[in-house]
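Novice: After the sequence you'll find the predicted model.
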Amino acid sequence: MTIHSESSTGNSADNNYGASMKDGGQRRKGQDSGPSAEEYMLPSDEPVQLVDPRGEHVHNDRYPLPDGEALLAAYEKLVIGRRINEQANALVRQGRMAVYPSSHGQEACQVAAAVVLEKDDWLFPTYRDTVSVITRGVDPLEVLTLLRGDWHAGYNPQEHKTATQATPLATQLLHAVGVAHAAKLRGENTVVLAMCGDGATSEGDFHEALNFAAVFHVPVVFLIQNNEYAISVPLKNQSVAPSLAHKAIGYGMPGERVDGNDLAAMLSVLGKAADRARDGGGPALVEAHTYRMQAHTNADDPSRYRQQSDVEQWVPKDPISRMRTYLTNLNLLTDEVERSITQAAEHMAATLRDGLNEDPEVDPMDLFEFVYSEKTSQLREQAALLKEELIREGVQR
Ligand SMILES: Cc1ncc(C[n+]2csc(CCOP(=O)(O)OP(=O)(O)O)c2C)c(N)n1
Ligand SMILES: [Mg+2]
């Protein structure tokens, strides 16, 4: 994408992203009081953590801990998210779904990305972000239609302001920036949250999206879920930057790193970035440090390229167990509340099972619909060939 712009990077509001700087980061050290561009845009030395793996609060001057009620509500979504991952994996093994890229272990990222958005904001998810899309409120059966492989996509993106889950890496980041740019031109109060993986940061589209977003100062929060692998390729073969969040300063936006298995930190950091974007503070890049606990998809065998002992190191960092301990210690998560959360998760699993065990009625001719407003000559030709075959085989008349 080529950029023609007279736009300045000037912020119209105090950014709220750990420090305040009104000139969009153009100022250099010593020019004025307040943070330098480096202080303003560079991420914390360590990923932000508010609840550690033992379930204990870690104080952070810049990021407040969300209140107990908000954490309890998000914890319920975390448990439901884990159950969605488990059930979807089972449905793949039963042949009811074609493929499922699980976010097992990444549920704190999934839930926070959906929860920090308002109804009229936009979410741009990837194939791995099914739990985010369901948490956003899209009908779970409509969401899984794509991964079942029997139709183009199951839900209307406009209805829930949630784009379809992108499989081509990083393309959704450009779409997200386009939507944010349009919203800004229209004077709408929309925030766009765009998700991608660590591997996707090597794509040209990632660079173009971040550069455009910074130059045009649009309200986008980029969330990288760094789960340390792009299928079989480890992060060290993908980037030698100090962290992926450090890339932000190169574009002129703040970057932050956060413990992606810490629901409280995810909510606080993403929430602050979204508020800042809504207040006219421009884009931000958030890198969530997490881990892909399972195979890339059911078609992948991770034992070919990583040790099980590496995976096991991440088990004690699980997002659910630490939040359960934290909320139990606060007496917010009682046995009774836990039981009702389990029931809600089981209800979700039953909805997925019942819905996906039904055989859908599909029309093979739909393959040629809903892509172009007017079919190309090749498509018309292919459609005619298929129709002929379906009639010959007695499938259609
Ligand atoms: C443009 C493009 N190139 C290659 C692929 C094949 N591919 C699918 S997933 C994937 C790995 C992506 O890794 P990452 O961005 O870290 O996301 P994760 O799967 O770990 O969530 C690749 C290379 C693709 N889908 N799109
Ligand atoms: Mg990855």
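Specialist: Nice, I can see it. Numbers count the residues shown, from 1 in each chain. Ligands and ions are numbered 1, 2, ... in the order given.
Novice: For the stretch 101-250 of the chain, what lies in contact range of ligand 1?
Specialist: Residues of the stretch 101-250 of the chain lying close to ligand 1 (Cβ under 6 Å from any ligand atom) are 128, 167-169, 196-200, 227, 229-231. (Glycine included, C-beta is placed from N, CA and C.)
Novice: Highest neighbour count among these?
Specialist: With neighbours taken as other Cβ atoms under 10 Å, the top of these is Cys196, carrying 29 neighbours.
Novice: which residues touch it?
Specialist: 126, 169-170, 172-173, 206, 222-225 (Cβ atoms under 8 Å, 6 or more residues apart in numbering).
Novice: The helix or strand where it lies - what's its average pLDDT?
Specialist: If you go by DSSP states H and E, Cys196 is part of strand 192-197. Average pLDDT, strand 192-197: 98.
Novice: Each with direction, which strands does it pair with?
Specialist: When pairing is defined by DSSP bridges, strand 192-197 lines up against strand 122-124 (parallel), strand 220-226 (parallel).
Novice: following the shortest one, which helix or strand comes up?
Specialist: Heading C-terminal from strand 122-124, the first helix or strand you meet, by DSSP H and E, is helix 130-135.
Novice: Residues contacting that following helix, please?
Specialist: With Cβ under 8 Å, 6+ apart, helix 130-135 has contacts from 77, 80-81, 84-85, 88, 100-101, 103, 107, 109-111, 113-115, 123, 125, 140, 143-144, 147, 155, 162, 165, 195.
Novice: out of these, which are inside helices?
Specialist: Those of these mapping onto helices are 77, 80-81, 84-85, 88, 107, 109-111, 113-115, 140, 143-144, 147, per DSSP state H.
Novice: which of the strands paired with strand 192-197 sits most buried?
Specialist: Stretch with highest mean neighbour count among these: strand 220-226 (a mean of 30; mean count of other Cβ atoms under 10 Å).
Novice: For that strand, what is the distance to the chain centroid?
Specialist: 7 Å (Cα atoms, centre = their mean, to the nearest Å).
Novice: So what angle separates the directions of that strand and helix 107-115?
Specialist: 170 degrees (axes from the mean of the first three to the mean of the last three Cα atoms, to 10 degrees).
Novice: CA-only coordinates of strand 220-226 in PDB, if you can.
Specialist: What follows is strand 220-226 as a C-alpha-only set of coordinates in PDB (Å, rounded to 0.1, in the frame of the first residue of the first chain):
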ATOM      1  CA  VAL A 220      -6.600   0.800  16.100                       C
ATOM      2  CA  VAL A 221      -5.200  -1.500  18.700                       C
ATOM      3  CA  PHE A 222      -3.000  -4.200  17.300                       C
ATOM      4  CA  LEU A 223      -2.800  -7.300  19.400                       C
ATOM      5  CA  ILE A 224      -0.100  -9.800  18.700                       C
ATOM      6  CA  GLN A 225      -0.600 -13.100  20.400                       C
ATOM      7  CA  ASN A 226       3.000 -14.300  20.600                       C
END
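Novice: Dihedrals phi and psi, Leu285?
Specialist: phi -120, psi 130 (degrees, to the nearest 10).
Novice: OK, contacts around it?
Specialist: 210, 222, 224, 244-245, 247-248, 251, 253-256.
Novice: Next one: the nearest residue to Lys77 once chain neighbours are set aside from Leu117, what distance?
Specialist: Of all residues not flanking Lys77 in the chain, Val111 sits nearest, at 4.5 Å (Cβ to Cβ, 6 or more residues apart in numbering). As judged by Cβ to Cβ, to the nearest Å, Val111 and Leu117 stand 12 Å apart.
Novice: returning to what we had before: and the residue nearest to Lys77, what does it touch?
Specialist: Going by Cβ under 8 Å, 6+ apart, Val111 touches 74, 77-78, 81, 131-132, 135, 263, 266.
Novice: Tell me the confidence at it?
Specialist: 98.
Novice: Distance check, it against ligand 2.
Specialist: Per Cβ to the ion, to the nearest Å, Val111 is found 18 Å from ligand 2.
Novice: Next: Val133.
Specialist: 18 Å.
Novice: these two touch, right, Glu346 and Ile84?
Specialist: No - if you go by Cβ atoms under 8 Å, Glu346 and Ile84 don't touch, sitting 11.6 Å apart.
Novice: Looking at those two, which is more packed in?
Specialist: Of the pair Glu346 and Ile84, Ile84 is the one with more neighbours under other Cβ under 10 Å, namely 28 against 13.
Novice: Now for the residue nearest to that one when sequence neighbours are not counted, how many residues are close by?
Specialist: Leaving aside its chain neighbours, Ile84 sits nearest to Val131 (5.5 Å; criterion: Cβ to Cβ, 6+ apart). By other Cβ under 10 Å, 30 other residues sit near Val131.
Novice: Output the set of residues of this protein in proximity to ligand 2.
Specialist: Contact residues, the chain versus ligand 2 (Cβ under 5 Å from the ion): 197-199, 227, 229-230.
Novice: quick check: domain ranges of the chain?
Specialist: 37-356, 363-397 (automatic domain parsing).
Novice: for these, which one ends up most surrounded?
Specialist: domain 37-356 comes out most buried of those by mean count of other Cβ under 10 Å, with a mean of 20.
Novice: How far does that domain stretch from one end to the other?
Specialist: 51 Å (Cα to Cα, to the nearest Å).
Novice: Need the per-residue pLDDT for Met1.
Specialist: So Met1 comes in at 37 (pLDDT).
Novice: With Lys22 instead?
Specialist: 45.
Novice: what does Ala153 give?
Specialist: 78.
Novice: re earlier: how about the residues of the stretch 101-250 of the chain next to ligand 1 in a markdown table, adding distance to Val58?
Specialist: Output for those, formatted as a markdown table (distance: Cβ to Cβ, whole Å):
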| residue | distance to Val58 |
| --- | --- |
| Arg128 | 27 |
| Thr167 | 37 |
| Pro168 | 38 |
| Leu169 | 33 |
| Cys196 | 27 |
| Gly197 | 26 |
| Asp198 | 24 |
| Gly199 | 29 |
| Ala200 | 29 |
| Asn227 | 22 |
| Tyr229 | 27 |
| Ala230 | 30 |
| Ile231 | 33 |
